[in-house]
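A.B. asks: Quick one, fold the following:
(3 chains)
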Amino acid sequence: MKDSLIDRMLSPNISGRRDFLRLGALGLAVPAIAAACDDGAATAKPAASEHAGTAPAATAAPKTAAEIAAKADEMDRMHEAGVKAFPAKTEGKGNQLMEPRVENGVKIFDLTAKKVQWELEPGKRVEAWGYNGVVPGPQIRVREGDRVRINIKNELEESTVVHFHGVELPNDQDGVPFITQPPIKPGTSYTYEFVAPNPGSHMYHSHHNAAKQVGMGLLGAFIIEPKSKRAIENVDLDYVMVLNDGYHGFTLNGKSFPATEPIVAKLGQKIRVRFMNEGMMIHPMHLHGMHMTVIDKDGWPQPAPWKCDTLNIAPGERWDVIINCNNPGTWAFHCHILTHAESEHGMFGMVTALIVQK
Amino acid sequence: MKDSLIDRMLSPNISGRRDFLRLGALGLAVPAIAAACDDGAATAKPAASEHAGTAPAATAAPKTAAEIAAKADEMDRMHEAGVKAFPAKTEGKGNQLMEPRVENGVKIFDLTAKKVQWELEPGKRVEAWGYNGVVPGPQIRVREGDRVRINIKNELEESTVVHFHGVELPNDQDGVPFITQPPIKPGTSYTYEFVAPNPGSHMYHSHHNAAKQVGMGLLGAFIIEPKSKRAIENVDLDYVMVLNDGYHGFTLNGKSFPATEPIVAKLGQKIRVRFMNEGMMIHPMHLHGMHMTVIDKDGWPQPAPWKCDTLNIAPGERWDVIINCNNPGTWAFHCHILTHAESEHGMFGMVTALIVQK
Amino acid sequence: MKDSLIDRMLSPNISGRRDFLRLGALGLAVPAIAAACDDGAATAKPAASEHAGTAPAATAAPKTAAEIAAKADEMDRMHEAGVKAFPAKTEGKGNQLMEPRVENGVKIFDLTAKKVQWELEPGKRVEAWGYNGVVPGPQIRVREGDRVRINIKNELEESTVVHFHGVELPNDQDGVPFITQPPIKPGTSYTYEFVAPNPGSHMYHSHHNAAKQVGMGLLGAFIIEPKSKRAIENVDLDYVMVLNDGYHGFTLNGKSFPATEPIVAKLGQKIRVRFMNEGMMIHPMHLHGMHMTVIDKDGWPQPAPWKCDTLNIAPGERWDVIINCNNPGTWAFHCHILTHAESEHGMFGMVTALIVQK
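C.D. replies: Numbering: from 1, shown residues only, chains lettered A, B, ... in the order given. Below you'll find the predicted structure:
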């Protein structure tokens, strides 16, 4: 199995970059990558033919039962270690509710865009570009009709801007460089101010060199609470789950399993999950044990709630769901593109759990 | 055209792995792969610029009409051969209804996970890991409220577990290693038992080293019939279509065109198709000649049925549709990511037909 | 930053093909591509680890404020130039309404499939295969119940056929080679004729060697106006937006930003946008400043209209939305897979604007 290219591709955590690059240099990693792309008749085919008549897990000589057992145990130990480590402690936590300063009735949020060393999973630190040193940036929640001021200080080495994705603002507050404002130069500051309009689950993120800046972490949740809630919005827990797949790999709220955060509820409670995709790929999020009732798309109510257990979330989309926590236990909750969630070394990336306590 | 990289990428069936690897070794396959990825401004650009000012199909010297005709005929012959071969016979057929043993009112299904040589299309055999030697595994259908027992025997060389995707089970039957149960070691067996809960189109598949194990074929349909059907569920044919794009390339019910199975109906009949995506990529399935009325998502009724001719199915999702077979003829039915369905050598992969007989 | 592989991947416009190939030849482009694929635990991981502990934007020596400012200004100038160039003039315009000849009450459309040099953006010409020399082909609009005749002349160097995607035709007019008709050989012509059936937003495109032929531009909008409109269909502007990501990179109606066409409306007007995806990838289209009300899927009314600001459009799908232009200004309108819309050199590809004039 060690010599199978696809197996190597499924072993990112351990074989890591050096092996990967070595394969690339030999021109051999290509079919495996291809198989991983969201396309590629061409690409899955070679993978298939590679296995034609041979066993990817086969060795030259038949294995004894003891050898098979030892190898299976070795794999299982890695899987177990990941689960046992969950939820693993890491430095830094993003997406936490930010308290505004209030001046003359204006809710003021001060954000600084800057580089930070970010611990994705225990011991794995990467460079991130974040707001106030965290990824995702602080969670901003205001109320429909609130006057809101966002002060941005740019401590990056390139210009930036902030776009309030989904928020229907006057044009000059929309945050698109050279269309609605000049870029915010390194070392300078800029202020956005507006009355919070359409309620719902929105986002704020860079809209300048955005594939890079958002991929590096310049993003956060921007939620506008409605003046009056619908009955279905009365929940015990309101949880925001930001999906990303940029420079830092596959993350939920800026962390990879086992450093992701479990959602904890008591039996009988209702929770709301606000999915937000800040990445470049779709992520069909699958909950075990219970279904999700979809209520909102991009902050707008669906004509009628509908149920599912796997919800496909595309880049830029937000979907709000209600979960009736009526089934006790620890339930896997993960992206169902399996290569975003598990390798032969165990679960990683976009995996967390919903824990329903009796 | 033979020398165009993208053309080579679109010719997987014939140029196959050797050419592909050779290109990879030269570092030349990269732009073509990139163009095939679901991302990549970067990547489509080189493909575009490659063609700038030059013709991908151009040869050094102008072709005569006779040369053009001969080349077109050669391509057309390959396309025709594929169509004429459909439905091609292959060894092995998955997704067939499994009769349970019944003991004391319990419906018992015995499944063995093991390696098998699997014929994807005529003459093309690959190693698969399947339940009871077929891919997809046997189709399991039970009724809401049935007591169900699933005996799993693991004859693989690694541990496994079975997760009943979409079925709202007690936590200890959920099939997630080290969270709800220990892995099922090679050479050992395990039993799941439960009362069939929420009805609908569900799936069973491995949840251990799953990117590998599901990609190799450890998957199947798990359908729970409702105690009472809705009027719209009264159909003449109930067809399950499992989509996959793993180690075996692009398949419908474990086979590639022309070895895929046509759906045959009589004029005026109503059929139900249950789409299930066990792969890593989206597959927007397109039916010619008639529309599909979407009734269920992940086994749950949509608030109201809605119509379409192209239904995007993401990994882990199940969508149920009704087709009123009111248009006679043989109708193409395929994934509309065209590189999953056709190359310059003809149709392949995720293509089948709905045949409506007068 | 210049030396970061991912940065190079995000810089397609300038570094272009030569650098890309050079990286590929060294086997070094692979992780960057991988990160760009819609999959790839394996692949994003190396990208992440590449940055671990090091700064992608870091240079060997610390930069002075002046150096940082100069570099930021350089990037901003490129971004500004793109915006200022919009809408840039290019030769050729596809998707324009085609007037039919009318003979004996039959609406006749003459289409010639042929090669053409196509200007994607100023100065960037590529080979395209188009209908009547444009990409997308001429926009065809007929009325439900009209008798329609389409004459196809094939001046390509390979056979072709035309499929009317979404239109429920008699089988012999469906345009699938060797199933419903013989291929149309180079130098020959073919005629389709039918009564326009189910109204809505449909498409016409090649269904022979289609990954290549559609990718090269053999596609167009085919709209059937209903005999009687719904109230919600009474709009001031009816705009068709064809998405593509084939051989020509990321395009809207055959052009890349800044050569894309802005949509211009007056404050208070209602517009209808008909999205049509002729590519191989999803494109979640995001409108700034206002939401979209989704009314139709594949030409069929949704059970109830619903709102969003980011609409995920999969290959082969058509989605119709209504926009109430109630927010004045110039609003970005783009694919939210950011690598389809922006690089460090500025916006490109699938970007346009909705201009709401006071």
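A.B. asks: Any residue of stretch A:281-298 touching chain B?
C.D. replies: Yes. Judged by CB under 8 Å from any CB of the partner chain, stretch A:281-298 comes into contact with chain B at A:281-282, A:284, A:286, A:288-291. The C-beta positions use only the backbone N, C-alpha and C, and glycine is treated the same way.
A.B. asks: Tell me which other helices or strands the longest strand anywhere in chain A touches.
C.D. replies: In chain A, ranked by residue count with DSSP state E as the criterion, the top strand is strand A:106-121. Counting contacts by 3 or more CB pairs under 8 Å, 6 or more residues apart in numbering or on different chains; DSSP states H and E, strand A:106-121 packs against strand A:101-103, strand A:124-131, strand A:147-154.
A.B. asks: Out of those, which one sits most buried?
C.D. replies: Greatest average neighbour count among the helices and strands packed on strand A:106-121 goes to strand A:124-131 (a mean of 24), per mean count of other CB atoms under 10 Å in any protein chain shown.
A.B. asks: Against which helices or strands is it packed?
C.D. replies: The contact analysis (3+ CB pairs under 8 Å, 6+ apart) places strand A:124-131 against strand A:106-121, helix C:41-51.
A.B. asks: Now do the first one against strand A:147-154, angle only.
C.D. replies: Read that as strand A:106-121. In terms of direction (axes from the mean of the first three to the mean of the last three CA atoms, to 10 degrees), strand A:106-121 departs from strand A:147-154 by 50 degrees.
A.B. asks: how far out from the middle of the chain is strand A:106-121?
C.D. replies: 17 Å (CA atoms, centre = their mean, to the nearest Å).
A.B. asks: Partner strands of it and their direction?
C.D. replies: Strand A:106-121 sits in its sheet next to strand A:101-103 (antiparallel), strand A:124-131 (antiparallel), strand A:147-154 (parallel), going by DSSP bridges.
A.B. asks: Nearest to residue C:276, out of the ones you listed?
C.D. replies: Comparing the strands paired with strand A:106-121 against residue C:276 with CB to CB, the closest turns out to be strand A:124-131 (36.1 Å).
A.B. asks: Return the mean pLDDT over the closest one, rounded to an integer.
C.D. replies: Mean pLDDT, computed over strand A:124-131, is 98.
A.B. asks: That strand: what's the following helix or strand?
C.D. replies: Downstream of strand A:124-131, the first helix or strand assigned by DSSP states H and E is strand A:140-143.
A.B. asks: Which other helices and strands does that next one contact?
C.D. replies: Here strand A:140-143 touches strand A:219-225, going by 3+ CB pairs under 8 Å, 6+ apart.
A.B. asks: In terms of secondary structure, what does the next helix or strand after the strand it packs on contact?
C.D. replies: Next in sequence after strand A:219-225, counting helices and strands by DSSP H and E, comes strand A:237-244. The contact analysis (3+ CB pairs under 8 Å, 6+ apart) places strand A:237-244 against strand A:219-225, strand A:251-252, strand A:263-266, strand A:270-277, strand A:283-287.
A.B. asks: What sits closest to the residue of the stretch 151-300 of chain A found nearest chain C if chain neighbours are left out?
C.D. replies: Ranked by CB to the nearest CB, the top residue of the stretch 151-300 of chain A for proximity to chain C is residue A:171, at 2.7 Å. Closest residue in space to residue A:171, ignoring its immediate chain neighbours: residue C:329 at 2.7 Å, by CB to CB, 6 or more residues apart in numbering or on different chains.
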